[in-house]
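Colleague: output the structure for:
(chains A and B)
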Protein chains: 2
Amino acid sequence: MKTMQWEDNKLLLIDQTKLPDELTYFECKTYQDVIKAIKTMVVRGAPAIGVAAAFGMALAYISGDNPQKAAREIKSSRPTAVNLFWAVDRVLGSDSPVDEAIKMYDEDIKTNKSIGAYGSKIIDDGDTILTHCNAGALACVDYGTALGVIRTAFKEGKNISVVCNETRPLCQGARLSVWEMQQDKIPVELIVDSAAGYLMQTGAIDKVVIGADRVAQGGVANKIGSLMVALAANRFNIPFYVAAPKSTFDYQNSIYDVEIEERNPEEVLYFGTSRLAPAETIIRNPAFDIVPDDLITGIITEEGIIKPF
Amino acid sequence: MKTMQWEDNKLLLIDQTKLPDELTYFECKTYQDVIKAIKTMVVRGAPAIGVAAAFGMALAYISGDNPQKAAREIKSSRPTAVNLFWAVDRVLGSDSPVDEAIKMYDEDIKTNKSIGAYGSKIIDDGDTILTHCNAGALACVDYGTALGVIRTAFKEGKNISVVCNETRPLCQGARLSVWEMQQDKIPVELIVDSAAGYLMQTGAIDKVVIGADRVAQGGVANKIGSLMVALAANRFNIPFYVAAPKSTFDYQNSIYDVEIEERNPEEVLYFGTSRLAPAETIIRNPAFDIVPDDLITGIITEEGIIKPF
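Modeller: Have a look, this model is predicted:
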């Protein structure tokens, strides 16, 4: 199952806001459709956003839109994941936009398989691995980064199990990661985000593997809550790994200079049709936080496991 | 507004499962009704559970039930908060059960006012205070422990604001603490639990004040997620206080020997009528975790601020 498909000059995206209850596709005929999909999180996850953005640029070329204008607009759809900028610039600099986007699509799958192969080495038989948010197939074209590591270890016959943080507010852990693991018959349990510390405190977790929206000088930006998971792992001496393709690397900037997106308060206030707090409540909804380098055991890339820079 | 009222030999409890949308009362005519209210979290919060349990014992005496049997059953309604055991034993040893329960009711309010007076000293003008779960009026007879500290500081004219963790899975922070602060016109913002670390990382939080379900040797048991908040506070050098009456103190046991209640998985799986993850998902739902003593700046009691023991 691929998160996205390119067919007849259209980009089909699994609508991740509808999972796990409905498997439906969101059709993008224009780059504006892609922007809408990225903003509303029909497609999310740094690698998937990158490849979708590449196809967005391809659609702009096909429609005869001004590529510079399309590039600017696509880049402004979400601020934190660096893949978006990298992907847009790569297509912008290419002679054959559609071919370049397709190439990036194929590369993404290969990259994830390679991350899985390197990452699997740090997974031991019997491990219970905690993950946060969804750095799975659905965050990429296929296979996944953090969940790709878990998939590879499982395929190699290691007897492992997974604990997924639900990942409030949009619950990508509960809706997407749990579902992906269930599809692959990998043993999985769900917890609320704030139970991760307790599970570590009681010895139930052996490793943590998460994804990254951006790796930069001094640490990693990833889904809100990653910092607190890293602090708990550090307290209880649990190895904490980040699985991330090099397309998420930003060598130029300090991670503390990266813009952290603040999203719509309604994401927190409503769950389905149920309202969580009084309607007039003031809410802060930062989408990411920063895991400082000293809390990271290693970064699993397609070229091997490295230290933060 | 009182969390509970004793009228005509009946205990009326605000039904906290219905707040903030509906203010309704749950009527207890028998000790079994009280047990049901405690188990289903119609009434929750260690001090409130204690006083409700005391009235449960009073109801057993009024009905002519076997007091030892009632005591045993009430004590087994929830395992972690020590107030439950303390309150039941106190009524069991008394000559006048109803009067004793009423005395405990009155004492609880006085205790909280005293906690507020001591605690307010550590709150500075301009502080933003983060709290987790609801250690408010609704967790006690009235006024609150952690929120009592905040109320007192605010009444003294300090310019403060509050950040409430939503507190998954049952969202006592979003439903109860936010609502209590709004009733008192104390500036309040709501965040998902996993955003607490980010707010501390960016300097938005000056102090943390939470409640306790049990204070014992080596630390404090409190609502799931308290540990991760404490770890983040420690990382960013933010004072971390626990506000707790001495009725929550257990000098006999190590905090690591306290039974941590695991509650119904459906609390995590459903929010209102919305299901969060595939129906067959395996869920762990621990209700509490342990904050080790080295992470606690001080424990605010009705007799002053002390160090963990």
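Colleague: which SS state does residue A:38 fall under?
Modeller: Recorded secondary structure, residue A:38: helix (DSSP: H, G, I helix; E, B strand; the rest coil).
Colleague: per-residue pLDDT, residue A:3?
Modeller: pLDDT, residue A:3: 97.
Colleague: I meant to write residue A:274 there.
Modeller: On pLDDT, residue A:274 comes in at 88.
Colleague: could you pull up the residues touching it?
Modeller: B:271, B:272, B:273, B:274 (C-beta atoms under 8 Å, 6 or more residues apart in numbering or on different chains). Just so you know, the C-beta spots here come from the backbone N, C-alpha and C atoms, and that holds for glycine as well.
Colleague: and the furthest pair within the residues you listed?
Modeller: Spanning the widest gap among the contacts of residue A:274 are B:271 and B:273, at 8.2 Å by C-beta to C-beta.
Colleague: these two: who's more crowded?
Modeller: Using other C-beta atoms under 10 Å in any protein chain shown, the more surrounded residue of residue B:271 and residue B:273 is residue B:271, with 20 against 9.
Colleague: wait, the more buried one touches residue A:271, no?
Modeller: Yes. The pair formed by residue B:271 and residue A:271 meets the contact definition of C-beta atoms under 8 Å, at 4.1 Å.
Colleague: what residues does the stretch 101-250 of chain A put near chain B?
Modeller: A:163, A:165-169, A:171, A:174-175, A:178-179, A:182, A:188-199, A:201, A:224-225, A:227-228, A:231-232, A:235 (C-beta under 8 Å from any C-beta of the partner chain).
Colleague: what do you get if the cut-off is 7 Å, keeping everything else the same?
Modeller: A:166, A:168-169, A:171, A:174-175, A:178-179, A:182, A:189-198, A:201, A:224-225, A:227-228, A:231-232, A:235 (C-beta under 7 Å from any C-beta of the partner chain).
Colleague: tell me the helices and strands packed up against the biggest helix by length in chain A.
Modeller: In chain A, with assignment by DSSP state H, the single longest helix is helix A:97-120. With contacts defined as 3 or more C-beta pairs under 7 Å, 6 or more residues apart in numbering or on different chains; DSSP states H and E, the packing partners of helix A:97-120 are helix A:46-63, helix A:83-92, helix A:146-155, strand A:298-301.
Colleague: could you dump the ones you listed to JSON lines with mean pLDDT?
Modeller: As requested, those are exported to JSON lines (pLDDT from 0 to 100):
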{"stretch": "helix A:46-63", "mean pLDDT": "97"}
{"stretch": "helix A:83-92", "mean pLDDT": "96"}
{"stretch": "helix A:146-155", "mean pLDDT": "98"}
{"stretch": "strand A:298-301", "mean pLDDT": "98"}
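Colleague: turn those into CSV, columns for mean neighbour count.
Modeller: Below are the helices and strands packed on helix A:97-120 laid out as CSV (neighbours: other C-beta atoms under 10 Å in any protein chain shown):
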stretch, mean neighbour count
helix A:46-63, 27
helix A:83-92, 22
helix A:146-155, 26
strand A:298-301, 24
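Colleague: contact partners for residue A:179?
Modeller: Shown in contact with residue A:179 (C-beta atoms under 7 Å, 6 or more residues apart in numbering or on different chains): A:19, A:20, B:278.
Colleague: and the second one, helix, strand or coil?
Modeller: In other words, residue A:20. Following three-state DSSP, residue A:20 is assigned to coil.
Colleague: just to check, it is in contact with residue B:276?
Modeller: No. Counting by C-beta atoms under 7 Å, residue A:20 sits too far from residue B:276 to count as a contact (9.5 Å).
Colleague: tell me which of the two has more neighbours.
Modeller: Remark: of residue A:20 and residue B:276, residue B:276 carries more neighbours, 24 against 20, as counted by other C-beta under 10 Å.
Colleague: distance check, the nearest residue to that one once chain neighbours are set aside against residue B:236.
Modeller: Setting aside the residues directly before and after it, residue B:276 is nearest to residue A:174 in space (C-beta to C-beta, 6 or more residues apart in numbering or on different chains), at 4.5 Å. Relative to residue B:236, residue A:174 is positioned 28 Å away (C-beta to C-beta, to the nearest Å).
Colleague: check residue A:161 too.
Modeller: Residue A:161 is 33 Å from residue B:236, where distance means C-beta to C-beta.
Colleague: of the two, which one has the most company?
Modeller: Ranked by neighbour count (other C-beta under 10 Å), residue A:161 and residue B:236 place residue A:161 first, with 18 against 14.
Colleague: beta partners of the more buried one?
Modeller: Per DSSP bridges, the residues bridged to residue A:161 are residue A:128.
Colleague: isn't it right up against residue A:130?
Modeller: No. Contact criterion C-beta under 7 Å: residue A:161 and residue A:130 do not qualify, at 10.2 Å.
Colleague: just to revisit the earlier point, so the residue nearest to residue B:276 touches residue A:165, yeah?
Modeller: No. Contact criterion C-beta under 7 Å: residue A:174 and residue A:165 do not qualify, at 8.4 Å.
Colleague: how many other residues sit next to residue A:185?
Modeller: Using other C-beta under 10 Å, residue A:185 has 8 neighbouring residues.
Colleague: Provide a list of residues in contact with it.
Modeller: Applying C-beta under 7 Å, 6+ apart to residue A:185 gives no contacts.
Colleague: count the neighbours of residue A:95 for me.
Modeller: Residue A:95: 6 neighbours (other C-beta under 10 Å).
Colleague: oh, that last question was meant for residue A:255, not what I typed.
Modeller: Applying other C-beta under 10 Å, we find 19 residues neighbouring residue A:255.
Colleague: same check, this time on the one 3 residues further on
Modeller: Residue A:258 has 23 neighbouring residues, counting by other C-beta under 10 Å.
Colleague: isn't it up against residue A:219?
Modeller: No. Assessed by C-beta under 7 Å, residue A:258 is found out of contact with residue A:219, at 9.5 Å.
Colleague: mind listing what the residue nearest to residue B:276 touches?
Modeller: Shown in contact with residue A:174 (C-beta under 7 Å, 6+ apart): A:164, A:166, A:167, A:190, B:276, B:277.
Colleague: ChimeraX command for the buried members of the residues you listed?
Modeller: Here is the ChimeraX command that selects the buried residues among the contacts of residue A:174 (16 or more other C-beta atoms under 10 Å in any protein chain shown):
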select /A:164,166,167,190 /B:276,277
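Colleague: any chance of the contacts of residue A:174 in TSV, with distance to residue B:85 and secondary structure too?
Modeller: As requested, these are arranged in TSV below (distance: C-beta to C-beta, whole Å; DSSP: H, G, I helix; E, B strand; the rest coil):
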residue	distance to residue B:85	secondary structure
A:164	35	strand
A:166	32	coil
A:167	36	coil
A:190	32	strand
B:276	34	coil
B:277	35	coil
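Colleague: what's the closest of the contacts of residue A:174 to residue A:97?
Modeller: Using C-beta to C-beta, the contacts of residue A:174 come closest to residue A:97 at residue A:167, 33.8 Å.
Colleague: ok, and the closest non-adjacent residue to the most centrally placed residue in chain A?
Modeller: Centroid check for chain A by C-alpha atoms, centre = their mean gives residue A:45 as the closest residue, at 2.9 Å. In space, and not counting its chain neighbours, residue A:45 is closest to residue A:139: 2.3 Å by C-beta to C-beta, 6+ apart.
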